[in-house]
Structures are given as structure tokens and as C-alpha cells.
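Asks: Using only what follows, build the 3D model:
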Amino acid sequence: MAVIFKFLNMKRVFLITCALFNFYLCHSQVKTALIDTTTIWFQNFRIYSSTPHIDYRYYKIADSIMVDNLSYFHLFYKDYIEGKWKTSDILIREISKKVYIKFPEANHETLLYDFNLNVHDSILIYSNYWIVKAVDSIKINNIYRKTLDLRQLHFKSWEADKGDKWIEGVGSIHGLLSLGGNDPNSYSHLLCAKNQDGILYQDPECECCEIILNIKESNIFGLKLYPTIISNRLNITTNSTNIKYLYKLYDLEGRLLNQNVYYGSQVIDCSSLNNGIYFIQLTGKNTNITKKIIKE
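Replies: Numbers count the residues shown, from 1 in each chain. Reported below is the predicted structural model:
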């Protein structure tokens, strides 16, 4: 009888352990999934044309839809200046660590990511073959995420070229849809990715991912910035001359350009700034304000 009870207890422990392991596995997969309706990606596009310029764009995934008995989500975007979310008509879905996209004019979906790959595996994406050169992991918000180092293969020489890096739950460091920067007329660059748990990715040269993805209103405790479109001067006003705050100026890629400590109302000389978009951050006691300005 004692042997039977011991066997049953061991079986119960085994079943509980399996259940806990399956829960942890499923929970981890959800946490590292790329499709997360709370995630926002922010990237730039360097356009090489007769008039070279840089564009900036946000992406997010929302609103599920069934197509051909498959569950997809819509991909939304917004340009930095307009600030209104628009549907891209691109659909995206994820299953078993594989991410597929479906373009509106296409009859079939296209494989975008496969995080099941290992070293020396190859994959066809956007009519180009890629090979995995290294597999690693990175700890983000207390969760380990798989990373893949890939190289593009050219049939003529069969040599690896044009590197890319994928991060599980984030995508390519070139941007959500811009694997390897394949377009010869442009080059894209992921600057930030953030979800409800915190920052998932921040480019090493971008110092203010939190600012870019969380622009706050500027009328807290009587502290205001104006105008939003400037030529030479930026005005900072407050209802008290005793308020001390730290002023920081960032460019659109998160580089800190200037900082200073001020008291009360001030007029900031912006005549030396090039035309473009900037962030102003004011921090002080019970104060944390960020505002976007445009220099023309």
C-alpha cells in the first residue's frame, strides 16, 4: 500500500511539473511574440534620390480579421508630422514563431520572419536568400529573447553580404518590414520599439526612445512651451519665477544637442538649429514635460 501511495504522489508531482512547464512555455511564447497590440515601432527611411531626404514613421498592429480561415491583424502606420494612424492594407499574423504578411494585391501570404531557425539554416524572404550566421539571446525586461545574425546570399558568388539582425518580439533592426535594407534607393533604420512592459529595442545612438514614443502635454504646473513651429525663438513660460527645471534639446534620432538649467520664464535662441523636427524636454520637481517642435 505504501508503495502505491508513493507511486501516486510521484505521478501527481510529475503531472503538476508538466503543467507548470507547459504554462511557462506558453507564457514565454506570448511574451516574446512579435504580434503585440501594445507595441509601437519607430524607424527612419533615408531616401537616395534626386532630392535625398529622411522620413520617419511609426508602426503598430491592431484589429484582428479573418481571411481564408486564417486570423490576421491589420498593420497601421503614421507619418511623424501628420500624426494620424492610417491602415496600410497589409495584414500580418504569427504562428509557431513564424510571422507572415499579406499584401493587398497578393493572392498568397509571404513569410517575413522565422525564429525557429538555427545556425547555417537558410530562408527565402522578399526574393532573397538569407543564411543564419549566429544565434544568441538577449535579456529584455527580464525575458530572454532569441536573436539571429543573418547574411544575404548572392547566387553569383554564393558569398554572404548585407547583414541583418532579428530580435524575437521586435523584428529586424532595419525596421519591422525592412529586412536588411534591401531597397537600393533607400535605407531604413529601427530607432525604437516599445510595448506596455517597457522599451524592447533602442538604437545605440538614440538616447531618448522613451521621449519619442511618449510625447506628453506641455501645460503641467503652469509650465508651457510655444510656438510649436519656430523660426528663431522658443518661449518657455511659467506662473512662478522660483520653478527650477532642466532643459534638454534632442534631434529626431534621439541625439542630445543641448541642455541647461533655467529658472522661471525663458526665451531660447534657436537660430543656429537646422530646419527639422526636434524634442524639447523639461524636467524638475513634480514636472516631466516633452514637446515636439518644428524649425522652419
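Asks: And for the nearest residue to residue 167 once chain neighbours are set aside, the neighbour number?
Replies: Using Cβ to Cβ, 6 or more residues apart in numbering and skipping residues adjacent in sequence, the residue nearest residue 167 is residue 147, 5.3 Å away. C-beta here means a position set from N, CA and C on the backbone, and glycine is covered the same way. Residue 147 has 17 neighbouring residues, counting by other Cβ atoms under 10 Å.
Asks: For residue 147, list the residues it contacts.
Replies: Neighbouring residues of residue 147 by Cβ atoms under 8 Å, 6 or more residues apart in numbering: 135-138, 165-168.
Asks: if we go to 10 Å?
Replies: Contact analysis of residue 147 by Cβ atoms under 10 Å, 6 or more residues apart in numbering lists 115, 134-138, 165-168, 170, 173.
Asks: how about those, which pair is most distant?
Replies: Maximum pairwise distance in those, criterion Cβ to Cβ, is 16.8 Å, between 134 and 170.
Asks: So the two - more neighbours on which side?
Replies: residue 170 (24 against 11).
Asks: And the pLDDT at that one?
Replies: You'll see residue 170 listed with a pLDDT of 94.
Asks: Give me the sheet partners of the strand or helix carrying the residue nearest to residue 167 and which way each runs.
Replies: Following DSSP states H and E, one finds residue 147 within strand 143-153. With DSSP bridges as the test, strand 143-153 is paired with strand 128-140 (antiparallel), strand 160-167 (antiparallel).
Asks: thinking in terms of the whole chain, how far from its middle is that strand?
Replies: 16 Å (Cα atoms, centre = their mean, to the nearest Å).
Asks: Flag every buried residue along that strand.
Replies: Under the neighbour-count criterion of 16 or more other Cβ atoms under 10 Å, strand 143-153 has 143, 145-148, 150-153 buried.
Asks: Ok, stretch 192-204 next?
Replies: Neighbour-count burial for stretch 192-204 flags 192-195, 200-203 (criterion: 16+ other Cβ under 10 Å).
Asks: who touches that stretch?
Replies: For stretch 192-204, contacts defined as Cβ under 10 Å, 6+ apart pick out 31, 34, 36-44, 58-59, 138, 140-143, 145, 167-171, 173, 175-176, 189-191, 206, 208-214, 253-254.
Asks: in the chain, which ranges drop under the pLDDT threshold?
Replies: Scanning the chain for pLDDT under 70 picks out 1-31, 47-53, 80-83, 154-162, 179-186, 206-208, 210-222, 240, 286.
Asks: and it, what are its domains?
Replies: Listed domain ranges for the chain are 40-204, 224-295 (source: automatic domain parsing).
Asks: partners of the longest strand along the chain in the sheet?
Replies: Criterion DSSP state E: the longest strand present in the chain is strand 53-67. Next to strand 53-67 in the sheet, as set by DSSP bridges, lie strand 40-47 (antiparallel), strand 70-79 (antiparallel).
Asks: I'd like the next helix or strand past the longest one.
Replies: On the C-terminal side of strand 70-79, the nearest following helix or strand under DSSP H and E is strand 86-95.
Asks: Apart from its chain neighbours, what residue comes closest to residue 103?
Replies: Nearest residue to residue 103 in three dimensions, chain neighbours excluded: residue 90, at 6.0 Å (Cβ to Cβ, 6+ apart).
Asks: same deal with residue 114?
Replies: residue 98 (5.0 Å).
Asks: Report the beta-bridge partners for that neighbour.
Replies: Beta-bridge partners, per DSSP bridges, of residue 98: residue 95, residue 114.
Asks: how near is it to residue 109?
Replies: 10 Å (Cβ to Cβ, to the nearest Å).
Asks: now residue 291
Replies: Taking Cβ to Cβ, one finds residue 291 at 41 Å from residue 109.
Asks: one step back: measure the residue nearest to residue 103 to residue 61 for me?
Replies: 10 Å.
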